[in-house]
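Asks: Build me a model from this:
(chains A and B)
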Amino acid sequence: MQSLNTYRAGPDERGHFGIFGGRYVAETLMPLILEVEKAYAAAKADPAFQAEFRRLLSQYVGRPNPLYFAPRLTQAFGGAKVFLKREDLNHTGAHKINNCIGQILLARRMGKQRIIAETGAGQHGVATATVCALFGMQCVIYMGSTDIERQMPNVYRMKLLGAEVRPVTSGAATLKDAMNDALRDWVSNVADTYYLIGTVAGPHPYPAMVRDFQSVIGEEAREQMQAQEGRLPDSLVACIGGGSNAMGLFHPFLDDSSVRIIGVEAAGHGLDKLHAASLTGGKPGVLHGNRTYLLQDADGQIAEAHSISAGLDYPGIGPEHSWLHESGRVEYVSVTDDEAVAAFQQCTRLEGIIPALESSHAIAYASKIAPALPKDHLMVVNLSGRGDKDVSTIAKALGDEHLGGLV
Amino acid sequence: MSRIAKRFAKLKAENRAALVTFITAGDPDHATSQALLDGMPAAGADIIELGMPFTDPMADGPAIQLAAGRALAAGGSLRQTLEMVEAFRKTDAETPIILMGYYNPVYAWGAEKFAADAAKAGVDGLIIVDLPPEEADELVPFLRQAGIDFIVLTTPTSDDARLPVVLANASGFVYYVSIAGITGTASAAQSAIDEAVARIRRHTGLPVCVGFGIKDPAQAAEVARVADGAVVGSAIVSVLADNIGKPGAVSAPLALVKDLAAGVRGARN
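Replies: Residues are numbered from 1 along each chain as shown, chains lettered A, B, ... in the order given. All right, here's what the predicted structure looks like:
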């Protein structure tokens, strides 16, 4: 592996991480995207913006959230000391709110009044609807009709918060299709609308901007581990759909060569069947404004992704992850639906914490490698969100007998 | 002189604008689509845009999204699209063909190889919706080498500061997208189109064609008064869609093309 002086300098001035990233959008959107880039650069350098962001993270989101030593998971795995970074304890129940706070402040600064977003599991939709309520802005959320069905509680939550949820029926009616429709809305309402993208993907500056807002996860984990254990963690594990929770945890550690970093993709029914593991099973391509690894056929047509977790059910991944994959700094692995469901149950029963199905992928992989690691190995698993939204999916996956006939 | 330049020179001599027609390659199946493509020049199309079907046409409205879906379901591909052009060239050596689509299929093919293969098939120009000037360097040199025009899109959001950036790579003609929106939905006010075409002409000597939202011969004629071409896509694709499986699948869209051509031809009289 060729090691660089820094893995944190990207993207370049044109928004590329190596060959990945960039701005592949319709000309109609280009002037606006350049405006977002300029506005974000100014906001990033403005201490007042940063202070307001930090104030809301602490007073509204509830940060810092704990880095929790999980004794029973540690015992069960029988190796590394496992710590959970508790993004599930944030207001609205997932890491998504960190980014939404940052972007809504930017949208307000840009004078935009109407916010659109796409959502898969609904966590980003809920977080967006929440910040729109907080700032009194109009909110339209695009969501695949398949996802609406499997994430009903979140759909209702968005509606209660005052958002309009627009069902998307094209394609497989999941996150990819919701993103297409959000882009269609944006191109049609370019003058007054801000597109609040929920992950580290899309045209530059979104991948870098979302990463910056989410980096609070890794910054806190770094300080907390140093305070609790007196040193850096030895490994980080996080699930990857688009990859924002993972990028947020990883980024502050990228230049610490002693820290092993692992991203866990969704292998769905298996890598030889339907899955959502873009890095493991895809190749570079261009979609939704950026070049990145994509699930696609030989003709460049985008394949449908599958994961039991709606939040990971996307055929692409953030471009910085593609670059980190090719540069070898981060290991990308995958776990199946079944393994994630087992980890979901294990974490729930052993720690009294119901993890999101997305996060369960990270826990599942931790359970695979922790046993072989020394007992003084410090492992941080990102618990990116809580699993309340997933209970009906889990119930369906397990069947009545596991829930005593309650379903 | 390229086929596109020749065609505009001829139209200029006739003092009329071009009718540019769009269909999606392979919609609803290879044979119907080929028959429709082959019938276009006789019906009055001066330039033909052939859509390269893609799974995720982010800038298209429902009519063209569905067309791409039908084409893909029937086995449509970039290879088939090039084969259609090759077959068309056997009977028509003059009508320019522009391929229009999204970047990923071209990228998957390989930009350099695609440019060469498309030129060999008889393609004259290329429009890639999601390849703005900021990213176009990875494709344009290969197109130039192959003698294929890179036709750029300008939009209501391309202001005077941006237009030179957008037009830097342009050749063939300039495609003015008359609404900030997706294909086949709203129509722009004629006054706004007049103004925009005049503005673009201050920045380039290339012909300017106007598309998005032109549905009928009257609208096409209005546009043809000021622009060098009127592009009609969703309206033709919708007529095709209404006639799938019926005897009119080819004749009905061609009848619309004929009406549109009459509108365009009568515009400046």
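
Asks: distance of the residue nearest to A:Thr74 when sequence neighbours are not counted from A:Ala43?
Replies: Take A:Thr74 and drop its neighbours on the chain: the residue closest to it by CB to CB, 6 or more residues apart in numbering or on different chains is A:Val82, 4.7 Å away. C-betas here are computed from N, CA, C, even on glycine. Using CB to CB, to the nearest Å, A:Val82 is found at 36 Å from A:Ala43.

Asks: Name the residues of the stretch 101-250 of chain A found near chain B, please.
Replies: A:170-171, A:176-177, A:180, A:183-184, A:187-188, A:190-191 (CB under 8 Å from any CB of the partner chain).

Asks: 7 Å - rerun?
Replies: A:170, A:176, A:180, A:183-184, A:187-188, A:190 (CB under 7 Å from any CB of the partner chain).

Asks: Reduced to three states, what does the residue nearest to A:Thr74 come out as?
Replies: State at A:Val82, reduced to three classes by DSSP: H, G, I helix; E, B strand; the rest coil: strand.

Asks: Report how many residues lie close to it.
Replies: Residues near A:Val82, counting by other CB atoms under 10 Å in any protein chain shown, number 28.

Asks: Among the residues of the stretch 101-250 of chain A next to chain B, name the ones in helices.
Replies: A:176, A:180, A:183-184, A:187-188 (DSSP state H).

Asks: Scan chain B for its longest helix.
Replies: When chain B is parsed with DSSP H, its longest helix is helix B:248-266.

Asks: by contact count, what packs against it?
Replies: strand B:18-24, helix B:30-43, helix B:217-226, helix B:234-242 (3 or more CB pairs under 7 Å, 6 or more residues apart in numbering or on different chains; DSSP states H and E).

Asks: centre of the chain versus it, how much separation?
Replies: Its chain's C-alpha centre and that of helix B:248-266 lie 16 Å apart, by CA atoms, centre = their mean, to the nearest Å.

Asks: Check stretch B:113-125 too.
Replies: Mean C-alpha position of stretch B:113-125 versus that of the full chain (CA atoms, centre = their mean) differs by 16 Å.

Asks: buried set for that stretch?
Replies: Going by neighbour count (16 or more other CB atoms under 10 Å in any protein chain shown), the buried part of stretch B:113-125 is B:114-119, B:121-125.

Asks: ok, and does that stretch reach over to chain A?
Replies: No. Figure legend: stretch B:113-125 not in contact with chain A (CB under 7 Å from any CB); closest approach 10.2 Å.

Asks: looking only at pLDDT, what's the mean for that stretch?
Replies: For stretch B:113-125, the mean pLDDT works out to 98.

Asks: which residues touch it?
Replies: Residues outside stretch B:113-125 that contact it (CB atoms under 7 Å, 6 or more residues apart in numbering or on different chains) are B:2-4, B:82, B:85-86, B:88-89, B:96-99, B:106, B:126, B:142-143, B:145-149, B:151, B:172.

Asks: Can I get that stretch as CSV, trimmed to CA atoms?
Replies: The C-alpha trace of stretch B:113-125 is given here as CSV (Å, rounded to 0.1, in the frame of the first residue of the first chain):
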residue,chain,number,x,y,z
LYS,B,113,-13.5,4.0,-27.9
PHE,B,114,-17.1,5.3,-27.9
ALA,B,115,-16.1,8.4,-29.9
ALA,B,116,-14.5,6.2,-32.5
ASP,B,117,-17.3,3.6,-32.7
ALA,B,118,-20.0,6.3,-32.8
ALA,B,119,-18.2,8.1,-35.7
LYS,B,120,-17.9,4.8,-37.5
ALA,B,121,-21.6,4.1,-37.1
GLY,B,122,-22.5,7.5,-38.6
VAL,B,123,-23.1,9.7,-35.6
ASP,B,124,-22.6,13.4,-36.1
GLY,B,125,-23.1,14.9,-32.6
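
Asks: Partner strands of the biggest strand by length in chain A, with direction?
Replies: Longest strand in chain A by number of residues, with DSSP state E as the criterion: strand A:260-268. Here strand A:260-268 has these sheet partners by DSSP bridges: strand A:235-239 (parallel), strand A:331-336 (parallel).

Asks: what's the spacing between B:Thr185 and B:Thr24?
Replies: B:Thr185 is 17 Å from B:Thr24, by CB to CB.

Asks: repeat for A:Gln224
Replies: From A:Gln224 over to B:Thr24 the distance is 55 Å, taken as CB to CB.

Asks: how about the residues of chain B near chain A?
Replies: Residues of chain B lying near chain A (CB under 7 Å from any CB): B:54-56, B:58-59, B:65, B:72, B:77-78, B:103-105, B:107-109, B:129-132, B:134-135, B:153-155, B:157-159, B:162, B:166, B:177, B:180-182.

Asks: quick one: A:Val237 from A:Lys38, how far?
Replies: Applying CB to CB to A:Val237 and A:Lys38 gives a distance of 36 Å.

Asks: Mind checking which of those two has more residues around it?
Replies: Per other CB under 10 Å, whichever of A:Val237 and A:Lys38 has more neighbours is A:Val237, with 31 against 12.
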